[in-house]
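Visitor: Provided below are the primary sequence and the corresponding predicted coordinates.
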Amino acid sequence: MFWVLLLLPAWAVAGLACLRLCLAAVRAAAVDAHAVGREHALTLYEAAFLSGGPRRVADLTLVSMARQRRLLLAHTGWATVVDPRGRDEMERSVIGAIGPGGQSRIAPVRATAATADPVRSLADRLVGAGLAVPDGARGVAAGVRRVRVAAVTVCALGAAALALPLPADQPRLLIALWFALPLTLTLGCLAITRMEVHPYSHWASPAGQRLVGALVRHADGSADDRTYLTSVAVRGVHAIGEPDLRAAFAHRKEYAVEDYWERRA
């Protein structure tokens with residue numbers, strides 16, 4: 001009966017992971033219900049935050065200033081201020097992050113600007129409008145990962161139980177069926193979440209995701225500068241077309257750890 005000692009943690013891991021995912025989905029649904037019936041035209045900064053979080057806002061600001069020739073982003077990874085007068089609070093926070101010398105590495109500028117007051121105020125406004133997910137409710141994507149890990153854990157415990165020497169009166173098929181129950185729970189929870197909540201977002205509520213999608217569809221078919229910046233806001237610096245400008249952002253990985261959620265966006 002040693003296999004029972006493996007079955008109990010399998011059930012515990014599966015049940016806890018599924019419970020946390022369900023609670024996260026309920027909180028996300030509550031945020032979405034808060035936004036029902038509200039009209040909101042997204043700005044590019046808001047679209048950037050909902051798509052990739054604070055660092056995406058900083059990236060968008062850097063790219064926007066660089067395209068207006070008010071900031072020089074060298075392919076070596078340095079940012080140089082050309083016009084020290086920021087046109088909005090986001091630009092002023094970037095210029096302040098570069099410092100009085102007017103030149104700095106892009107990575108620390110990006111990190112500092114992402115934690116500045118303008119970005120926090122933007123986040124608070126989006127949360128208040130029901131378009132962004134509050135800090136305590138950013139759990140659907142993480143919950144899905146936990147359930148996936150739980151499913152793998154159940155399989156591993158089941159394999160270990162089947163590898164144990166068993167008495168003749170305990171068929172391995174019966175033991176496999178016992179472990180199949182928590183596995184079915186995790187897989188069923190993943191399937192339901194994918195149908196009801198997918199795509200999973202760390203930043204945007206379902207209402208926010210719909211607005212971002214509408215913004216992209218509205219921009220499709222045009223070739224103006226706003227459409228270009230919309231692509232950067234939604235897809236990140238990977239949407240940058242200029243090789244030199246893209247190279248400037250490529251250097252940031254040498255000086256800062258790449259943000260995990262941005263790579264998954």
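Guide: Now that the structure is in, tell me what you want to look at. Numbers count the residues shown, from 1 in each chain.
Visitor: residue contacts, A48?
Guide: R56, V57, D59, L60, V232, A233, V234 (C-beta atoms under 8 Å, 6 or more residues apart in numbering). Just so you know, the C-beta spots here come from the backbone N, C-alpha and C atoms, and that holds for glycine as well.
Visitor: The stretch of helix or strand the second one belongs to packs against which elements?
Guide: This points to V57. Using DSSP states H and E, V57 falls within helix 54-67. Contact partners of helix 54-67 among helices and strands, from 3 or more C-beta pairs under 8 Å, 6 or more residues apart in numbering; DSSP states H and E: helix 44-52, strand 71-73, helix 89-98, helix 106-114, helix 117-128, helix 225-235, helix 243-250.
Visitor: can you list the domains in the protein?
Guide: 2-36+140-196, 44-133+203-264 (automatic domain parsing).
Visitor: Pick the most deeply packed of those domains.
Guide: domain 44-133+203-264 (a mean of 18; mean count of other C-beta atoms under 10 Å).
Visitor: what pLDDT, on average, does it get?
Guide: In this model, domain 44-133+203-264 carries a mean pLDDT of 84.
Visitor: what's the helix or strand harbouring A191 in contact with?
Guide: The secondary structure element spanning A191 is helix 172-196 (assigned by DSSP H and E). Applying C-beta under 8 Å, 6+ apart, the contact partners of helix 172-196 are 3, 7, 10-11, 13-15, 17-18, 21-22, 25, 140, 143-144, 147-148, 150-151, 154-155, 157-158, 161-162, 166, 200.
Visitor: now the contacts of A48 as a markdown table including distance to L185?
Guide: Listed next are the contacts of A48 as a markdown table, based on distance: C-beta to C-beta, whole Å:
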| residue | distance to L185 |
| --- | --- |
| R56 | 35 |
| V57 | 39 |
| D59 | 40 |
| L60 | 41 |
| V232 | 41 |
| A233 | 39 |
| V234 | 35 |
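Visitor: Show me which of those is closest to A116.
Guide: V57 (9.5 Å; C-beta to C-beta).
Visitor: How much space separates the nearest residue to the closest one once chain neighbours are set aside from R235?
Guide: Nearest residue to V57 in three dimensions, chain neighbours excluded: A48, at 4.7 Å (C-beta to C-beta, 6 or more residues apart in numbering). Note on A48: its distance to R235, by C-beta to C-beta, to the nearest Å, is 10 Å.
Visitor: With P100 instead?
Guide: 33 Å.
Visitor: Mind checking which of the contacts of helix 172-196 are in helices?
Guide: Within these, residues falling in helices by DSSP state H are 3, 7, 10-11, 13-15, 17-18, 21-22, 25, 140, 143-144, 147-148, 150-151, 154-155, 157-158, 161-162.
Visitor: and the gap between the nearest residue to G241 once chain neighbours are set aside and A113?
Guide: Distances taken as C-beta to C-beta, 6+ apart place Y228 nearest to G241, at 7.5 Å, with adjacent residues excluded. Distance, Y228 to A113, by C-beta to C-beta: 20 Å.
Visitor: swap in P171?
Guide: 63 Å.
Visitor: and if you look at A204?
Guide: For A204, the distance to A113 - C-beta to C-beta - is 20 Å.
Visitor: Next: V232.
Guide: Applying C-beta to C-beta, the value for V232 to A113 is 15 Å.
Visitor: can you check D244 too?
Guide: 21 Å.
Visitor: And for G236?
Guide: 15 Å.
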